[in-house]
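J.: Only the shape, not the letters, is given here:
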DNA sequence: AAGTGGACCTGCTAGC
DNA sequence: TGCTAGCAGGTCCACT
């Protein structure tokens, strides 16, 4: 589910209420992608200092150490006042004096990982090797061009890999390439410098728009207050196979790259 | 080193 | 109506 916009929308819906919250209890459900990495009881009594984001990860900084959270494909966080009984998909609860923070994740590709310090242990390994933030000034045509140099994979897959720029997932990769007029199958090392420029802008544009619309809700994404996103209705190509291209009217095509669907307009997007 | 495919897990939907 | 195959927002890991 969650790409950068969904993760950031989640963060924004949490940070004000959670800052300063005291952890009163922790409840674990079924195993997630990785073990928590600490005795749950050791979190009790700690306070949430901040909620930050790096790529698609959330970092819940505590007064000592923190929790790195990933929503995987189907995860979402909710913050509710009461103590509703956990359902079968609720696999992590943080009971705080500001409400119940709950990770719901049917597929359990998500994770909550304890770190004694940022960059420490498993969480450090997970964050190492991530590319730059898309809204960071470091993400420019020069950076993208250098990142794509010497790589023969399709540009769509290079965007998804997350080692050049983070946060762009399957929906927004297709969308950004459409906005930039670039064929998703184009070999990375064939992308000219001016087209890198356009792609950088397109990535920012599509992520900004998604952010403004509260992200995409394909089936189950909700922010921490239970609000759904609306970007899916603004998508130009994603999940629009066979429908008319918004620019030229040609039917949108769906292909498979790296076992993931890619959507594009063969007329508007060139090699 | 870079690229590829499999793995993880569950739910939903289209199609027979 | 009921079953099944296929697909889903991610990304790590083993292998070539």
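T.: The structure has been received and is ready for your questions. A quick note: this is a predicted structure, and the numbers were derived from the prediction, not measured.

J.: For the rest of this, base every contact and every neighbour count on C-alpha atoms.
T.: Fine.

J.: need the contact list for the closest residue to DNA strand B within the stretch 151-271 of chain A.
T.: Residue of the stretch 151-271 of chain A nearest DNA strand B, by Cα to the nearest atom of the strand: residue A:152 (3.2 Å). Counting by Cα atoms under 8 Å, 6 or more residues apart in numbering, residue A:152 touches A:187-189.

J.: pLDDT at the closest residue to residue A:240 other than its chain neighbours, what is it?
T.: Spatially, and ignoring its direct neighbours in sequence, residue A:240 is nearest to residue A:252 (6.2 Å; Cα to Cα, 6 or more residues apart in numbering). Here the pLDDT value assigned to residue A:252 is 97.

J.: Now do the phi/psi pair for residue A:252.
T.: Note on residue A:252: backbone dihedrals following degrees, to the nearest 10 are phi -70, psi 140.

J.: Number of residues surrounding it?
T.: Neighbour count for residue A:252, taken as other Cα atoms under 10 Å: 21.

J.: if I look at it, how far off is residue A:144?
T.: When Cα to Cα, to the nearest Å is applied, the distance between residue A:252 and residue A:144 equals 27 Å.

J.: Ok, residue A:248 next?
T.: 28 Å.

J.: Settle it for me: which of these two has more neighbours?
T.: Neighbour tally, residue A:248 and residue A:144, criterion other Cα under 10 Å: the higher count belongs to residue A:144, 22 against 10.

J.: Helix, strand, or coil at that one?
T.: helix (DSSP: H, G, I helix; E, B strand; the rest coil).

J.: returning to that earlier point: and the pLDDT for the residue of the stretch 151-271 of chain A closest to DNA strand B?
T.: Here the pLDDT value assigned to residue A:152 is 97.

J.: tell me which element it is part of?
T.: Element membership for residue A:152, per DSSP states H and E: none, as it lies in no helix or strand.

J.: Are stretch A:124-141 and DNA strand C in contact anywhere?
T.: Yes: judged by Cα under 7 Å from any atom of the strand, stretch A:124-141 and DNA strand C are in contact via residue A:126.

J.: So what touches that stretch?
T.: Stretch A:124-141 is contacted from outside by A:54-55, A:118-119, A:162-167, A:193-194, A:196-197, A:200, A:203-204, using Cα under 8 Å, 6+ apart.

J.: how about 6 Å then?
T.: Contacts with stretch A:124-141, where a contact means Cα atoms under 6 Å, 6 or more residues apart in numbering, come from A:162-166, A:196-197.

J.: sorry, back to before: hang on, the residue nearest to residue A:240 packs against residue A:246?
T.: No: using Cα atoms under 6 Å as the test, residue A:252 is too far from residue A:246 to be in contact (9.3 Å).

J.: Now for the closest residue in space to residue A:22 that isn't next to it in sequence: which residues touch it?
T.: Once flanking residues are discounted, residue A:22 sits nearest to residue A:47: 4.4 Å by Cα to Cα, 6+ apart. Listed by Cα under 6 Å, 6+ apart, the contact set of residue A:47 reads A:20-22, A:62-63.

J.: now these: which count as buried?
T.: A:20-22, A:62 (16 or more other Cα atoms under 10 Å).

J.: what's the closest of those residues to DNA strand C?
T.: Nearest to DNA strand C out of the buried ones among the contacts of residue A:47 is residue A:62 (Cα to the nearest atom of the strand; 21.8 Å).

J.: Once you drop chain neighbours, what's closest to the closest one?
T.: Spatially, and ignoring its direct neighbours in sequence, residue A:62 is nearest to residue A:48 (4.4 Å; Cα to Cα, 6+ apart).

J.: Sheet-wise, list the partners of the helix or strand hosting that neighbour with their directions.
T.: Residue A:48 belongs to strand A:48-54 when assigned by DSSP H and E. Using DSSP bridges, the strands paired with strand A:48-54 are strand A:57-62 (antiparallel).

J.: How about the secondary structure of the residue nearest to residue A:206 when sequence neighbours are not counted?
T.: Among residues not flanking residue A:206 along the chain, residue A:176 sits closest, at 6.0 Å (Cα to Cα, 6+ apart). Following three-state DSSP, the label given to residue A:176 is helix.

J.: Quick check: the gap between residue A:176 and residue A:62.
T.: Distance, residue A:176 to residue A:62, using Cα to Cα: 35 Å.
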